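[1] Everything below, folded, please.
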Amino acid sequence: MNKLVDILKSYHNKVLFNEDGNPLTIEFRKGASVESILKFEIENDIKLPNDLRELLLFSNGVNLFSLQIHSIEEIEYFPHSKIISFHSWGNGDFDCVSIGGNYSQGKIVFMSHSEDKLALISNDLIEWVIGVIVEIGELGTLLHPLDYNEKVSKGMYKNVLC
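    Here you go, the predicted structure:
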């Protein structure tokens, strides 16, 4: 296994709590098949970054303390900016991993409704997952960039301008 999978497995039996005090856990699914990943790569003429590939092979989608990481069937490739979505905010915004282009491979970027509105969030998927876990553990939620104000000034997305 790779480091990202090991980190996720280490949190598997941990419980965090949301803003209302309700328990949050990590839930894994059956891993994606090598064939389904290869099909996605061939159809889009790309190669998935290793961390994302290993995560999908381990668990084809993850419930990360109420945050849904996409399965291979749900991810979307944005060829103009060379990014792949792995988490949707549900409002047209996505968290994506770069496969090259303006951001080097593996960087995590926030996409605000359009491929033309991108912001660097973290250096890689491992850093992003750890940041998400820490923020949910501290705040009971992962803040969207629009959630920041004078009272709420810390979090992974604090410097993103929407």
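[2] helices and strands around the host helix or strand of Ala119, which ones?
    Using DSSP states H and E, Ala119 maps to strand 118-122. Here strand 118-122 touches strand 108-112, helix 125-139, going by 3 or more CB pairs under 8 Å, 6 or more residues apart in numbering; DSSP states H and E. C-beta: built from backbone N, CA, C; applies to glycine.
[3] Could I get the phi/psi values of the residue nearest to His70 when sequence neighbours are not counted?
    Counting by CB to CB, 6 or more residues apart in numbering, Phe86 is the residue found nearest to His70 once chain neighbours are left out, at 5.2 Å. Per-residue torsions, Phe86: phi -130, psi -10 (degrees, to the nearest 10).
[4] helix, strand or coil for Glu54?
    Secondary structure assignment for Glu54 (DSSP: H, G, I helix; E, B strand; the rest coil): helix.
[5] Report how many residues lie close to it.
    Using other CB atoms under 10 Å, Glu54 has 18 neighbouring residues.
[6] Next: Leu38.
    So Leu38, with other CB under 10 Å, has 12 neighbours.
[7] Quick check: it vs Glu27, distance?
    The gap separating Leu38 from Glu27 is 26 Å, by CB to CB, to the nearest Å.
[8] related to what we said a few turns ago, ok, which of the helices and strands packed on strand 118-122 comes nearest Asp93?
    Proximity to Asp93 (CB to CB) singles out strand 108-112 among the helices and strands packed on strand 118-122, at 5.3 Å.
[9] Noted, bye for now.
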